[in-house]
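# with the input below, show me the fold.
(one chain, ligands or ions: 1)
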Amino acid sequence: MRRMRILIANDDGYLAPGLAALVKACEGLGQVDVIAPEQNASGTSNALTLNRPLSVFESSQMPGRTVRVVNGTPSDCVHVALTGLLPHRPDLVLSGINNGANMGDDTLYSGTVAAAMEGYLFGIPAIAFSQVEKGWAHLEAAAAAARAIVDDALASIPSGPWLLNVNLPNRPDVAALPRVITRLGRRHASEPVIRQLSPRGDTLYWIGPAGDAREAGEGTDFHATAAGRVSITPLQVDLTDHASRERWVGGLRGRLS
Ligand code: MN
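Take a look at the predicted model:
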């Protein structure tokens, strides 16, 4: 059997400790390629850079390994890798480990989830990993937990594209915590925008922090991590509101072709 090929990306940028930890944890799993944004690109969702060309340089800051660095978004990184930069098609795309949770509505804004999703959109199984709290506490333990999930997913899931969103509590025993298959919760709307006066007298606006969990009941990602469990949410990309399609067909009767 040929060696497994894994592509690892993130959204916190190529210098982020979470990327190095995930890469290290995947040692021995196969051929690992790493590609990451030059700058922190958290919150850039699935954006692709279409108004300028992208540059790729090779960084040797990760010992014994070449990291490809792209002056673009997380989706740019994976897209460029899959459409010509890599000489082969990876078997798996991993993203993270992110500095902070990606649960509920976060997943729509997340560059971490988007990098994995880009692989999934190309038909490749993919997993996004995030630590629930910012600050990298117990990062090595999180990386060990991520590796165990990769091993188990590859061993037990049939082939074909799938996309998992994993949130890991910042605990030293995270690799031993129970895992729960969850659904996305919901957040309250973001906190109010923060105004600031620039040195030149202009009013600046900072997007406020994400809101607290609003739908955090049993079965959600918020509930699982708050209860000290590892949350694993299988994601899909189809945004169609299937449940309301029939209502719209009825409501717009006569005005539909
Ligand atoms: Mn991030």
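# could you pull up the residues touching the residue in the stretch 151-257 of the chain positioned nearest to the ion?
Nearest residue of the stretch 151-257 of the chain to the ion: residue 210, at 12.2 Å (C-beta to the ion). All C-beta spots, glycine's among them, are computed from the backbone N, C-alpha and C. By C-beta atoms under 8 Å, 6 or more residues apart in numbering, residue 210 lies in contact with 105, 106, 187, 190, 191.
# any idea how many residues pack against the second one?
When neighbours are counted by other C-beta atoms under 10 Å, residue 106 registers 22.
# can you pull the pLDDT of it?
At residue 106, the predicted lDDT confidence score is 95.
# just the one 3 residues further on next, same as before
Predicted confidence (pLDDT) for residue 109: 96.
# can you check residue 150 too?
Listed pLDDT for residue 150 reads 96.
# contacting residues for it?
Residue 150 makes contact with 26, 29, 92, 94, 127, according to C-beta under 8 Å, 6+ apart.
# quick one: buried residues of the helix or strand encompassing it?
Residue 150 belongs to helix 139-156 when assigned by DSSP states H and E. Neighbour counts using 16 or more other C-beta atoms under 10 Å place 139, 141-150, 153-154 of helix 139-156 among the buried residues.
# would you turn those into CSV with distance to residue 229?
Converted to CSV, the buried residues of helix 139-156 look like this (distance: C-beta to C-beta, whole Å):
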residue, distance to residue 229
139, 19
141, 15
142, 14
143, 18
144, 16
145, 11
146, 15
147, 18
148, 14
149, 13
150, 18
153, 17
154, 21
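# show me which pair in the residues you listed is furthest apart.
Maximum pairwise distance among the buried residues of helix 139-156 (C-beta to C-beta): 22.4 Å, between 139 and 154.
# so where do the strands sit in this structure?
Using DSSP state E, the strands found in the chain span residues 5-9, 31-37, 56-59, 67-70, 92-99, 126-131, 163-168, 179-181, 186-187, 194-197, 203-206, 213-215, 230-235.
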